[in-house]
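*Asks:* Show me the folded form of this:
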Amino acid sequence: MSRLYAKPLPTGSFVMLLLFVAVLVSAVGVSYTAHWNRQLLNGLYAELSVRDKAQAEWGRLILEQSTWTAHNRIETLATEQLKMRIPDAAQVRMVTP
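*Replies:* Sure, this is the predicted structure:
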């Protein structure tokens, strides 16, 4: 009676234990991967939103630049504010190099 009354493990129980651990690890891996995928998608959508806002701002700046550099506007500002005028043909001097 020195031995305890323990039944021996059925054959294949070690394999079943390994399979159970493998399924458990796989389930945790799938859960982690799904969470990681969601985080990456959230980051992607945030970056796409930033890109869209930057493109809209760029379009507004291009429009503003074309407004500020319009030849007609520059000529009007030069004549009205700086009192500049186009010189007569007699006043033009040609310089040779």
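
*Asks:* secondary structure class for the residue nearest the centre of the chain?
*Replies:* In the chain, the centroid-proximal residue (CA atoms, centre = their mean) is residue 47; its distance is 3.0 Å. At residue 47 the chain is in helix, as set by DSSP: H, G, I helix; E, B strand; the rest coil.

*Asks:* How about residue 33?
*Replies:* Following three-state DSSP, the label given to residue 33 is helix.

*Asks:* just residue 8 next, same as before
*Replies:* Three-state call for residue 8 (three-state DSSP): coil.

*Asks:* Can you list the low-confidence ranges for the chain?
*Replies:* Scanning the chain for pLDDT under 70 picks out the ranges 1-4, 6, 9.

*Asks:* just the strands in it please.
*Replies:* Taking DSSP state E, the chain contains no strands at all.

*Asks:* For this protein, just list every one of the helices.
*Replies:* For the chain, the helices defined by DSSP state H cover 13-68, 71-80.

*Asks:* want to throw these into TSV with distance to residue 88?
*Replies:* (Each C-beta comes from the backbone N, C-alpha and C, glycine too.) TSV is the format used below for the helices of the chain (distance: least, CB to CB, whole Å):
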stretch	distance to residue 88
helix 13-68	30
helix 71-80	15
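
*Asks:* which residues sit in contact with residue 85?
*Replies:* Residue 85 sits next to residue 79 when contact means CB atoms under 8 Å, 6 or more residues apart in numbering.
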